[in-house]
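Enquirer: dropping the sequence and predicted coords here.
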Amino acid sequence: MGEEVPPRKKLDEFEKLIRIQSYQNQLSRQRSKAHYREINPFRGLESFDSKHAACFYGRTKTIEEMLDVLQQQAAAKKPFILLLGPRGFGKTSLVRAGILPVLTQVGTLQGDESCRHALTRPAAGGKDPFNALAAALLSESALPEFPGAKTVNGSEKLATDLRERPERVAQLLRESLDRLSLNRLNRLPGAPEYELALTVGKPNVGLNRQKKSGGAEPKVQLALIVDQLEELFAVGIAPELQQSYLAALAALVRCQRIFVIATLRSDFYESFLRSCYPDNFAVLSGRFELPPPTAVEIGQMIHLPSEASGLHFEEGPKTGQKLSEAVLEAATFSAEPLPLVEHLLSQLYQKQMLRGDGLLRWSDYCEMGELEGALAHHAENVFLALDEDAQNALGYVIRRLVSPGQGRESFFIRHTFPYQDLVSTPEFYDQKAGAKELIDRFIKEGFFHAEAGPSAERYVTVTQEALLWKWPRVRQLLEEDQGFLRMRDRLDADLKLWLSRGRMNEDLLSEPGLREAKTLVRGFRTSLSDAQLDYFQKSQKAQERSHLPRKTAMLAVIMGLALVITVPAVKWLNAEVKRQKAEALMASQRDALQAQLKDANARAQQIQTSLELVTSQRDALQSQLKDTEARAQQAQKDAALASSQQDALQTQLKESEANAQQTEKNMDLMARERDAQQSQLEPAPGRGPAAMYPKSEQTEPANLGLNPERSTSTQPPDSGP
């Protein structure tokens, strides 16, 4: 038999289930209050967030499974989960609208207290991923009480410490959480009245006193969500920073008070393994592979938000099929259906809002290009409605917001960029108004997403990667520029490493990197940022300065030798000069001869070319002549055939004429015979009808005795012998 679960633990788990059920019921009540005139239940290309939990459907089972894995990781003292899944599987929405609300509202990790939470993305900090991580840890929803959080450079100092001393930072964060826990316990009714003695130097003093008094364990925890971890490996971040970032996450996990949930695209998992040291991977090994959404789950995502908001799907007039069923059927055949389904339903919702009837119609669905074509149709219509300057800015903007992916498929990945840098106008780029119009319109339509960074600076990113592979105009543009984008990202990685290390000269571009940067500047200058150009120029100047001492040393050596050269050396130099002049004369003559030879070769080549041209023309004429002769022979054959056919026809005509003449003669002969017979049949004058017959024909027939009673004799028969 297995180990018996303690009664208290059973009770705690039962209470957690009750709280989760209560939270789900609360969400249901919020959903039932929604109305389609008040809120759009579909997110389009945007991800679901905590505030959209009431509209998040279809992943209940996955949420429960992931929470179970997180609890198992916590029990193993490795509270970390790497949520793996392909693009378009809804990883961000699952964590933000599914997992995080349960942790913050219910609390299911350790104890019965809810979690504080921090949200970060590696690219949200601009040049350094640690900036975004530090800002998230010090945010109002996380640990604004952390020492130095309110100072002017508190976030910058924490970012530096996370990069250089992550274990020390993790310990300080743990102490801050302990302090909050003990402060909360001290405020409980009946708690002992004493001053908490928890300090940074003595983290366990107050905790030990609380344990001696029989108090409960500390409860306050922190859930750190690291969304889109693939940005760490795909936006030009140097390998050293990648390794340091994962080391910092491992240190936070080891402190046992911070639960880290990271989302990562499956095609970047190998990059994660390469950048994770073995001792760090020991605590970052927890994985949860997100399964693809089933047909039932997609159906819930389509039907349940619509029903909760009072929306209806039109039935086909001929087939009787509901539009929702057609969308579900198309989604089951799509490789990455979730962003396409949400975008399509959001567009159908906006169409019905113009009518205000709450009906999602078949005609709108077909007009938009159905599920697979709706996004491209929407983007192209918005693009064509822009003016020429804004359209011309598309390539400039999209190149800055996208980086090449990895692996055989090499899908593109979103890249976060400061809004102000996107719409600013360097001296080589005069499309400021066009770029701003394009970006603002795309943000309004949901193609781009804008959010505030760590220093309140506004950052822009492509909302969903589906835009990059579903819109043909953008996909073709990016496929043509893959080589440039990869060179640009390597330059950006060197730039970020140079900035993170305090702008050291040894981190400037080396000779190979400088050659590649020159290629970028010559061909794609308008797609490079001011920081990248400044880094290139400083690297170029540093290289020129490094070559200057070598040239100076060579010049000094030459001057020193000149001072010790004697008169014989001068004579020798004069002789050498004469010899060099002679050689120069010979060289010039040789060059002249070589030039003449080149001219002769060129003329010979020209003659050869002309000869080849004449030969080709002759061959063409001969070919044309052969064709003409062949056509003439064929024409003669055709004429002979026509002549023979004409003779045959004339013979047939003559025979027909002879037959006609013979027929006419026969007809004349028959006519004469007929006239002769008629003349014979006519009676002579004064004669009766009997005269018409010959005399022999007027003789009575002999009585053959066959019928004596019918004898024509008028005399009676003899009465005797």
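Expert: It's in.
Enquirer: may I have the phi/psi pair for residue 147?
Expert: Main-chain torsions, residue 147, degrees, to the nearest 10: phi -60, psi 130.
Enquirer: mind jotting down where the strands sit in this protein?
Expert: Listed in chain order, the strands of the chain (DSSP state E) span 80-85, 115-120, 221-226, 258-265, 287-289, 312-313, 359-360, 402-403, 413-414, 417-418, 448-452, 458-462.
Enquirer: in a markdown table: the ones you listed, plus mean pLDDT, distance to residue 326 and mean neighbour count.
Expert: Backbone N, C-alpha and C define where each C-beta goes, glycine included. Formatted as a markdown table, those follow (pLDDT from 0 to 100; distance: least, CB to CB, whole Å; neighbours: other CB atoms under 10 Å):
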| stretch | mean pLDDT | distance to residue 326 | mean neighbour count |
| --- | --- | --- | --- |
| strand 80-85 | 96 | 26 | 22 |
| strand 115-120 | 92 | 36 | 22 |
| strand 221-226 | 94 | 36 | 25 |
| strand 258-265 | 95 | 30 | 25 |
| strand 287-289 | 95 | 30 | 15 |
| strand 312-313 | 95 | 9 | 19 |
| strand 359-360 | 96 | 11 | 21 |
| strand 402-403 | 80 | 32 | 24 |
| strand 413-414 | 82 | 30 | 24 |
| strand 417-418 | 86 | 38 | 19 |
| strand 448-452 | 90 | 29 | 16 |
| strand 458-462 | 91 | 28 | 21 |
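Enquirer: in JSON lines: the ones you listed, plus distance to residue 146.
Expert: Below are the strands of the chain laid out as JSON lines (distance: least, CB to CB, whole Å):
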{"stretch": "strand 80-85", "distance to residue 146": "21"}
{"stretch": "strand 115-120", "distance to residue 146": "11"}
{"stretch": "strand 221-226", "distance to residue 146": "11"}
{"stretch": "strand 258-265", "distance to residue 146": "12"}
{"stretch": "strand 287-289", "distance to residue 146": "29"}
{"stretch": "strand 312-313", "distance to residue 146": "50"}
{"stretch": "strand 359-360", "distance to residue 146": "48"}
{"stretch": "strand 402-403", "distance to residue 146": "33"}
{"stretch": "strand 413-414", "distance to residue 146": "30"}
{"stretch": "strand 417-418", "distance to residue 146": "26"}
{"stretch": "strand 448-452", "distance to residue 146": "20"}
{"stretch": "strand 458-462", "distance to residue 146": "24"}
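Enquirer: relative to residue 140, which of the ones you listed is closest?
Expert: strand 115-120 (9.5 Å; CB to CB).
Enquirer: tell me which strands and helices the closest one is in contact with?
Expert: helix 100-105, helix 129-137, strand 221-226 (3 or more CB pairs under 8 Å, 6 or more residues apart in numbering; DSSP states H and E).
Enquirer: quick one: neighbours of residue 668, just the number.
Expert: Per other CB atoms under 10 Å, the neighbour tally for residue 668 reads 10.
Enquirer: ditto for residue 62
Expert: Around residue 62 there are 19 residues (other CB under 10 Å).
Enquirer: what's near enough to touch it?
Expert: 94, 98, 290-291 (CB atoms under 8 Å, 6 or more residues apart in numbering).
Enquirer: by neighbours, which of those wins?
Expert: residue 94 (26 neighbours).
Enquirer: assess the claim that it and residue 290 are in contact.
Expert: Yes - between residue 94 and residue 290 there is a contact at 6.9 Å, judged by CB atoms under 8 Å.
Enquirer: pLDDT weak spots in the stretch 351-500 of the chain?
Expert: 405-411, 425-432, 482-483, 485-486, 489, 500 (pLDDT under 70).
Enquirer: now the helices for it?
Expert: 362-367, 370-384, 388-392, 394-400, 419-423, 432-445, 466-470, 472-480, 482-500 (DSSP state H, counting those that start in this stretch).
Enquirer: could you dump those helices to JSON lines with distance to residue 605 and mean neighbour count?
Expert: JSON lines is the format used below for the helices of the stretch 351-500 of the chain (distance: least, CB to CB, whole Å; neighbours: other CB atoms under 10 Å):
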{"stretch": "helix 362-367", "distance to residue 605": "63", "mean neighbour count": "16"}
{"stretch": "helix 370-384", "distance to residue 605": "51", "mean neighbour count": "18"}
{"stretch": "helix 388-392", "distance to residue 605": "45", "mean neighbour count": "15"}
{"stretch": "helix 394-400", "distance to residue 605": "43", "mean neighbour count": "20"}
{"stretch": "helix 419-423", "distance to residue 605": "54", "mean neighbour count": "18"}
{"stretch": "helix 432-445", "distance to residue 605": "50", "mean neighbour count": "18"}
{"stretch": "helix 466-470", "distance to residue 605": "50", "mean neighbour count": "21"}
{"stretch": "helix 472-480", "distance to residue 605": "37", "mean neighbour count": "14"}
{"stretch": "helix 482-500", "distance to residue 605": "36", "mean neighbour count": "19"}
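Enquirer: can these go into JSON lines with extra columns for distance to residue 661?
Expert: Output for the helices of the stretch 351-500 of the chain, formatted as JSON lines (distance: least, CB to CB, whole Å):
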{"stretch": "helix 362-367", "distance to residue 661": "78"}
{"stretch": "helix 370-384", "distance to residue 661": "81"}
{"stretch": "helix 388-392", "distance to residue 661": "89"}
{"stretch": "helix 394-400", "distance to residue 661": "91"}
{"stretch": "helix 419-423", "distance to residue 661": "103"}
{"stretch": "helix 432-445", "distance to residue 661": "94"}
{"stretch": "helix 466-470", "distance to residue 661": "87"}
{"stretch": "helix 472-480", "distance to residue 661": "82"}
{"stretch": "helix 482-500", "distance to residue 661": "92"}
